[in-house]
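Asks: build me a model from this:
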Amino acid sequence: MTPRVRLALWIAGATAGFVAAIVVAASSRTDQPVLSSVLIVAVGWAFIVGGLIALERRPDNRFGLLMAGEGFAWFLAALGASDNAAIFTAGYLGSSLYLAVLGHTILAYPTGRLPDRASRIIVAIAYLITTAGTLAVVLTAHPEDLHCTDCPSNEPRSGTWSPATAGATMLSVDTKASARHANNRFERFMTFFLLDLRV
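Replies: Numbers count the residues shown, from 1 in each chain. From the prediction side, this is the model:
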């Protein structure tokens, strides 16, 4: 990894921390927003700084990169505190990703590489659940099931805001209408599974 890339990661880490702090501190749905923002930034920066230092010392070892990735994923989840619908959606969709990255980091210690097929399968499933699984739940579940009755509206000034736009894909889907018809067992299982992860 070149020095320019490492410098870019330092800048991105600092920026992500400041953005997360501002979002949480300005949130009307967070208890003690200032204290929460300080704690969130401290945890995220601890992972990013530790990871980037490890990367500087051992650039051929991926463990530092995984640690830094955990910090970035942590800051992504913090965006879910936003009162802005678009920022909130991006944060909510990524709200469990840090768990998959953390599991990946632990299983890949100390080399940064997964040692066997079993661990690779576990990590792949974790990423699938915390990305595609979260999207499926958000598109189909009732707001009450997601403990999200006070979340920002998903209806902007024109059209319908779909969580899928966080991935740069515009979908003409009314998520509230879809939720009323989400009754199959798979959707219910995924909803409660992800809620357990968030507790």
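Asks: how about the most centrally placed residue in the chain, nearest residue that isn't a chain neighbour?
Replies: Closest residue to the average C-alpha location of the chain: residue 94 at 2.5 Å, with CA atoms, centre = their mean. Nearest residue to residue 94, sequence neighbours excluded (CB to CB, 6 or more residues apart in numbering): residue 76, at 4.0 Å. To be clear about C-beta, it is placed using only N, CA and C from the backbone, and glycine gets the same treatment.
Asks: next: residue 17.
Replies: residue 41 (4.8 Å).
Asks: gap between that neighbour and residue 86?
Replies: 22 Å (CB to CB, to the nearest Å).
Asks: of the two, who's got more company?
Replies: residue 41 (22 against 16; other CB atoms under 10 Å).
Asks: element containing the more buried one?
Replies: Assigned by DSSP states H and E, residue 41 belongs to helix 33-57.
Asks: what of residue 4?
Replies: Counting by DSSP H and E, residue 4 is part of helix 3-25.
Asks: quick one: that helix to chain centroid distance?
Replies: Taking the mean of its C-alpha atoms, helix 3-25 sits 15 Å from the chain's own mean (CA atoms, centre = their mean, to the nearest Å).
Asks: before we move on, what about stretch 125-145?
Replies: From the chain centre to the centre of stretch 125-145 is a distance of 12 Å (CA atoms, centre = their mean).
Asks: okay, that stretch in CSV with CA atoms only?
Replies: Written as CSV, here are the backbone C-alpha positions of stretch 125-145 (Å, rounded to 0.1, in the frame of the first residue of the first chain):
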residue,chain,number,x,y,z
ILE,A,125,-22.7,-15.5,5.9
ALA,A,126,-22.2,-12.7,8.4
TYR,A,127,-21.7,-10.1,5.7
LEU,A,128,-24.7,-11.4,3.8
ILE,A,129,-27.0,-11.1,6.8
THR,A,130,-25.8,-7.7,7.8
THR,A,131,-26.1,-6.2,4.3
ALA,A,132,-28.7,-8.0,2.1
GLY,A,133,-30.5,-9.3,5.1
THR,A,134,-30.8,-5.8,6.6
LEU,A,135,-32.1,-4.4,3.3
ALA,A,136,-34.7,-7.2,3.0
VAL,A,137,-35.9,-6.5,6.5
VAL,A,138,-36.1,-2.7,6.1
LEU,A,139,-38.1,-3.1,2.8
THR,A,140,-40.6,-5.5,4.4
ALA,A,141,-40.9,-5.1,8.1
HIS,A,142,-43.3,-2.9,10.1
PRO,A,143,-41.6,0.2,11.6
GLU,A,144,-42.8,-1.1,15.0
ASP,A,145,-40.9,-4.3,14.5
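Asks: in that stretch, what counts as buried?
Replies: 126-127, 129-131, 133-141, 145 (16 or more other CB atoms under 10 Å).
Asks: now stretch 52-61
Replies: Those buried within stretch 52-61 under the rule 16+ other CB under 10 Å are 52, 54-55, 61.
Asks: stretch 35-43 now?
Replies: 36-37, 40-41, 43.
Asks: and the residues you listed, which is closest to residue 2?
Replies: Set against residue 2, the nearest of the buried residues of stretch 35-43 by CB to CB is residue 41 (27.4 Å).
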